[in-house]
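Asks: this one's sequence-less:
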C-alpha cells in the first residue's frame, strides 16, 4: 500500500508541473489597446503570438468579426484596414488612433505598422501614443465603460481644460477628442464637434435613391456606357497624375498647411489668425467742415454769425453761433472710429455702434487638408502605386481612363443612395440631419 502511494505522488507532481508549465507558457505577457472609435485589445504570449483579440465596445465587434490573423503584423493590418474602409473615418480623411502597449511589444512597432496600412488606403494618420495608464485612468475607464487608453487621453484633456465636464468627452470619437485637445472647443454629450461648431442630431431618415449605372455599364461624365475588360498590352501606365518611375507610379506634391486658431479665423493669404475685436464706441463726425460744423441729433449744421447777439428767422444761438435746427437742415453726420490714434470713417463701425479692429495672431498649430503629411508648415504628399498594363480595346470601344467603353451603347441609370443639405451626413444608409450651433470654448 505504501509503495503504490509513493508511485502515485511523483506522477501527480509531474502532471502538476506539466500543466503549470503549459499555463505559464501560454499566459498573456504583452497587450495592445487600439482606440479609433472601435476599441480593441490584442493579447500576446511570451513569443509575441496572438492569444486572443477582444472587442472593448460594440463598434469593435464589427471590425474583428470573423478574422483569424496568424501574426501581430497581420492582425494590425487587417484591423486597421477594416477601420480605414469603414464609416469610422470622418470627412477630413484623417484616421485618428490612440495606442497603448504594455509588456515586450514596442509602441513604435505598432505605430509604424498602423501608419503604413493607413497610407496604403490613401488616408492621413494621426497616431496618439499613451505612455502610461494610472489608477485614475483605470477608475475613469471602469466608471464609463471605455478603454483605459482612451480614459488616459481624456484625463490629459481635463487637466488642461478643467472647465469641461468629463461626461461631455467619454462618448466622443478619437478625432473629436483630439480636436478638443488642440483647439479647446468642445460640445455637449449629445452633439458632435465639427471644427468650431457643434452638430446635434435632429432627425434621420433612410437615404433616398440617386443615379448610378447598372451592371456591365460604366459612368463616363454622368452617362452610362457599355464596358468590357479589354486586352492587356506590354506597356505600363499610371493614373491620377502619377508618373512611371522604374516599375512604380509615383507623385510628390508639396502644399501649404493650414493653421488652427484658438480664436478668430485663419487667413491663408497671410498665415495668421484674424479676430475682430471691439476697440471702443463709434462717434459722430462732420466731414465737410470738421471742427466748425455742429453735430445736432445726427445731422451736421453749418454755423452762422450772430447779429447783435441774435439770429435771423428761426435760427437759434448755440455756443455763440447761429444754427438752423429744422429737421432737414444741414447734412447727415457720419460715424467714425479712433483706432490706434487714427480716425477711420464708418467702414470699421458695426451696426451696434461699436468700433472694431482686426487683430492678428499666430496659429496654435497646423494641419493638412487631404492626405498630406505635415512637415513643419508644409504638407508633403508622396503617393506610390503599382502601374497597370495599358488596355487594348476591341473594335467599337473607346479607351477612357484605361477602360473600354462603347459610346454608342448607352443605358438608363438605375437608383443609388444619396443625401442632400448643408448639415446632412450619410451614416449607414441613413441621412442624418443636424442642428448647428457654436461650440463651447474651454
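Replies: Yes, it's here. Please read these numbers as outputs of a predicted model, since none were measured by experiment.

Asks: any idea how far residue 251 is from residue 159?
Replies: Separation of residue 251 from residue 159 (Cβ to Cβ, to the nearest Å) stands at 42 Å. The C-beta positions use only the backbone N, C-alpha and C, and glycine is treated the same way.

Asks: who's more crowded, those two?
Replies: residue 251 (15 against 8; other Cβ atoms under 10 Å).

Asks: got the contact list for the more buried one?
Replies: Each residue near residue 251 by Cβ atoms under 8 Å, 6 or more residues apart in numbering is listed here: 240-243, 381-383.

Asks: so which of those comes closest to residue 268?
Replies: residue 381 (17.6 Å; Cβ to Cβ).

Asks: got the confidence number for residue 63?
Replies: Note on residue 63: pLDDT of 86.

Asks: next, count neighbours for residue 193.
Replies: So residue 193, with other Cβ under 10 Å, has 23 neighbours.

Asks: and it, that one's in a helix?
Replies: No. Per DSSP: H, G, I helix; E, B strand; the rest coil, residue 193 lies outside any helix segment and is strand.

Asks: OK, contacts around it?
Replies: 172, 176, 179-180, 185-187, 439.

Asks: again, 10 Å this time
Replies: Contacts for residue 193 (Cβ atoms under 10 Å, 6 or more residues apart in numbering) come out as 168, 172-173, 175-180, 183, 185-187, 199, 439-440.

Asks: please apply the same query to residue 168.
Replies: 180, 186-191, 193, 440.

Asks: could you report the pLDDT at the closest residue to residue 244 other than its chain neighbours?
Replies: What sits nearest to residue 244 in space, not counting adjacent residues and going by Cβ to Cβ, 6 or more residues apart in numbering, is residue 238, at 5.2 Å. Per-residue pLDDT puts residue 238 at 90.

Asks: my guess is residue 238 meets residue 385, correct?
Replies: Yes. Counting by Cβ atoms under 10 Å, residue 385 is a contact partner of residue 238 at 7.1 Å.

Asks: now the common contact residues for these two.
Replies: Residues touching both residue 238 and residue 385 (Cβ under 10 Å, 6+ apart) are 248-251.

Asks: which of these count as buried?
Replies: residue 249 (16 or more other Cβ atoms under 10 Å).

Asks: contact partners for the residue lying closest to residue 104 once chain neighbours are set aside?
Replies: Spatial nearest neighbour of residue 104, excluding adjacent residues (Cβ to Cβ, 6+ apart): residue 30 at 4.8 Å. If a contact means Cβ under 10 Å, 6+ apart, then residue 30 has 42-48, 51, 72, 101-106 as its contacts.

Asks: same question, residue 331
Replies: Applying Cβ under 10 Å, 6+ apart, the residues contacting residue 331 are 286-288, 293, 299-302.

Asks: right, and the pair among those with maximum separation?
Replies: Between any two of these (Cβ to Cβ), the greatest distance is 13.4 Å, for 287 and 301.

Asks: where's residue 62, which helix or strand?
Replies: Secondary structure from DSSP states H and E places residue 62 in helix 58-64.

Asks: in three-state terms, label residue 159 for me.
Replies: Once three-state DSSP is applied, residue 159 turns out helix.

Asks: need the contact list for it.
Replies: Per Cβ under 10 Å, 6+ apart, neighbours of residue 159: none.

Asks: swap in residue 133?
Replies: 33, 100, 102, 141, 147-149, 151-152, 155.

Asks: go again using 8 Å as the cut-off
Replies: Residues in contact with residue 133 (Cβ under 8 Å, 6+ apart) are 100, 148-149, 151-152.

Asks: could you list which of these belong to helices?
Replies: Here DSSP state H is the test, and the contacts of residue 133 give 148-149, 151-152 as lying in helices.

Asks: count the residues that sit near residue 314.
Replies: Using other Cβ under 10 Å as the criterion, residue 314 is surrounded by 9 other residues.

Asks: any stretches of the stretch 1-150 of the chain with poor pLDDT?
Replies: Scanning the stretch 1-150 of the chain for pLDDT under 70 picks out 1-26, 85-93, 122.

Asks: likewise for the stretch 301-442 of the chain?
Replies: Applying pLDDT under 70 to the stretch 301-442 of the chain flags residues 341-352, 415.

Asks: all helices for it, in order.
Replies: Read by DSSP state H, counting those that start in this stretch, the stretch 301-442 of the chain holds no helices at all.

Asks: swap in the stretch 101-250 of the chain?
Replies: Taking DSSP H, counting those that start in this stretch as the criterion, the stretch 101-250 of the chain carries its helices at 107-120, 135-144, 148-160, 174-183.

Asks: which other residues reach the first one?
Replies: Surrounding helix 107-120, the residues in contact under the criterion Cβ under 8 Å, 6+ apart are 32, 34, 73, 76-77, 80-81, 84, 95, 97, 99-101, 124-125, 127, 129.

Asks: ok, the second one next?
Replies: With contact meaning Cβ under 8 Å, 6+ apart, helix 135-144 is reached by 146-148, 150-152, 154-155, 166, 170.

Asks: neighbours around residue 397, how many?
Replies: 21.

Asks: how about residue 147?
Replies: When neighbours are counted by other Cβ under 10 Å, residue 147 comes out with 24.

Asks: with adjacent residues omitted, what lies nearest to it?
Replies: residue 39 (4.2 Å).

Asks: for that neighbour, grab phi and psi.
Replies: The phi/psi pair for residue 39 (degrees, to the nearest 10) reads phi -110, psi 120.

Asks: quick one, what contacts it?
Replies: 33, 55-57, 59-60, 146-147, 150.

Asks: domain-wise, how is the chain divided?
Replies: 30-129, 135-205+437-441, 272-361 (automatic domain parsing).

Asks: ok, back up a step: what's the closest of the contacts of residue 331 to residue 373?
Replies: Nearest member of these to residue 373, counting by Cβ to Cβ, is residue 287, at 54.8 Å.

Asks: surely the closest one and residue 330 touch.
Replies: No. Applying Cβ atoms under 8 Å as the test, residue 287 and residue 330 come out as separate, 11.8 Å apart.

Asks: who has more neighbours, those two?
Replies: residue 330 (22 against 13).

Asks: thought that one was touching residue 289?
Replies: No. Using Cβ under 8 Å, residue 330 is not in contact with residue 289; the gap is 10.7 Å.

Asks: anything in contact with each of those two?
Replies: Shared contacts of residue 330 and residue 289, defined by Cβ under 8 Å, 6+ apart, comprise residue 302.

Asks: for the residue nearest to residue 56 when sequence neighbours are not counted, name its beta-bridge partners.
Replies: Residue nearest to residue 56 in three dimensions, not counting chain neighbours: residue 39, with 3.8 Å by Cβ to Cβ, 6+ apart. Beta-bridge pairing for residue 39 (DSSP bridges): residue 35.
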